[in-house]
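Participant: please find the sequence and the predicted model below.
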Amino acid sequence: MTGPWQPYLQLGVVHSMAFPECLGGDGPQYETLQQICHDPFFDAVDVGPINDAAVRRDCAKLLSDCQMTVTFACQPMILRHNLDLNAADLGQRRRAIDLVAGLFDQAKELGAGRIAVMSGKYVPERGAVGRFVDSLRELCRLAKERVGLPLMLEIFDWDVDKKALVGTCATAAFVAKEVRRDFPDFGLLHDLSHIYLCHETPAQHLPLIREYLVAVHMGSSVSDRNHPLYGDHHPLFGMPGGDSGVAELRGFVKTLFDIGFLRSGRRPICTFEVKPPLGVSSQTALANMKRTWQQAWWTL
């Protein structure tokens, strides 16, 4: 592409992945958010829970002043507390619903336009999908009533790392279709790195969710079981042994154009999810994202 990307999409960063010291809701939330918000390369950011009320208030003002498009991510909290929205035990499902819904006010305060969630653990049982759909419907209702925000579901792997119930595009499409019967603004979020861990390819499987896809993450993964970073650790693009570099990102973006997700004037959020490995700074990870993107875009 010879022209700018801004007419087609909003580039963003998953804040707590680029700055993993903030993953639990504490740490230098404001200072690290500043590094993203003050960089005009990025128009969007995924934020998670911010535990301190005063810091959260400052971050909300920063995001608003910098005119950032915000998504609120519940996935880190779901993973940290091992929550399961499709658990067979009603008490476990109730706890998961209550804890996720308890974050909705933070999402509203931080100016989010959507709230992201994930499924519980994969089990080879047909009833699990039905239970998960019921949980999503309740969360969609609560989010609409309390804060007026729509939900989206992130697709993870089903047998490698996170081992989530919704780990294929076919399952995701079924879930989205069912939830949209009552909540038409519900959508799906997929990640380039998760596609490889799901044993899928963008060109083969993104068409299955084209009508439900509302946002994407862009990252890498490692499918080699003998690699020390095997799984869903979001290493740097182009890392030896990693699944994604310039060519894979370019192919992903091309497929997003092919299915109509990217088109002039629509401007969905395309967010980088890259975690600096041990000994690598967050600034290096940000530079890695930006240069990989520029090369992929220019050669598209």
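Facilitator: Sure thing, it's come through. In this text, all values refer to a predicted model and were calculated from it rather than measured experimentally. Numbering: from 1, shown residues only.
Participant: only C-alpha atoms for contact and neighbour calcs from this point on.
Facilitator: OK.
Participant: show me how far stretch 4-20 is from its chain's centre.
Facilitator: Stretch 4-20 sits 11 Å away from the centroid of its parent chain (Cα atoms, centre = their mean, to the nearest Å).
Participant: please, where are all the helices along the chain?
Facilitator: 15-18, 29-37, 53-65, 75-80, 90-101, 104-109, 126-146, 169-180, 192-197, 202-205, 246-258, 282-298 (DSSP state H).
Participant: closest to residue 272 out of those helices?
Facilitator: helix 282-298 (6.9 Å; Cα to Cα).
Participant: against which helices or strands is that closest one packed?
Facilitator: Applying 3 or more Cα pairs under 8 Å, 6 or more residues apart in numbering; DSSP states H and E, one finds that helix 282-298 contacts helix 15-18, helix 246-258.
Participant: quick test: name the residue nearest the centre of this structure.
Facilitator: residue 217 (5.3 Å; Cα atoms, centre = their mean).
Participant: residue 125: how many residues sit nearby?
Facilitator: Look at residue 125: counted by other Cα atoms under 10 Å, it has 10 neighbours.
Participant: pLDDT value on it, please?
Facilitator: On pLDDT, residue 125 comes in at 89.
Participant: same deal with residue 204?
Facilitator: Value for residue 204, per-residue pLDDT: 87.
Participant: what's the burial count for it?
Facilitator: 10.
Participant: quick one: it from residue 252, how far?
Facilitator: Look at residue 204 and residue 252: by Cα to Cα, to the nearest Å, they are 11 Å apart.
Participant: next: residue 300.
Facilitator: For residue 300 relative to residue 252 (Cα to Cα), the value is 10 Å.
Participant: the two: which has the busier surroundings?
Facilitator: residue 252 (22 against 14).
Participant: out of the helices and strands packed on helix 282-298, the one nearest residue 276 is which?
Facilitator: Closest approach to residue 276 among the helices and strands packed on helix 282-298 is made by helix 15-18 (6.5 Å; Cα to Cα).
Participant: which other helices and strands contact the closest one?
Facilitator: Counting by 3+ Cα pairs under 8 Å, 6+ apart, helix 15-18 packs on helix 29-37, strand 44-47, helix 282-298.
Participant: give me the residues contacting that helix.
Facilitator: Residues outside helix 15-18 that contact it (Cα atoms under 8 Å, 6 or more residues apart in numbering): 22-23, 32-33, 36, 45-48, 273-276, 282, 285-286.
Participant: neighbour-wise, which of the residues you listed leads?
Facilitator: residue 274 (30 neighbours).
Participant: just checking, that residue touches residue 239?
Facilitator: No. Look at residue 274 against residue 239 with Cα atoms under 8 Å: they stay out of range, at 11.5 Å.
Participant: for residue 184, give its distance to residue 212.
Facilitator: Counting by Cα to Cα, the gap from residue 184 to residue 212 is 10 Å.
Participant: looking at these two, which has the bigger crowd around it?
Facilitator: Per other Cα under 10 Å, whichever of residue 184 and residue 212 has more neighbours is residue 212, with 21 against 13.
Participant: of the helices and strands packed on helix 282-298, which stretch is the most buried?
Facilitator: Ranked by mean neighbour count, the helices and strands packed on helix 282-298 are led by helix 15-18 with a mean of 24 (mean count of other Cα atoms under 10 Å).
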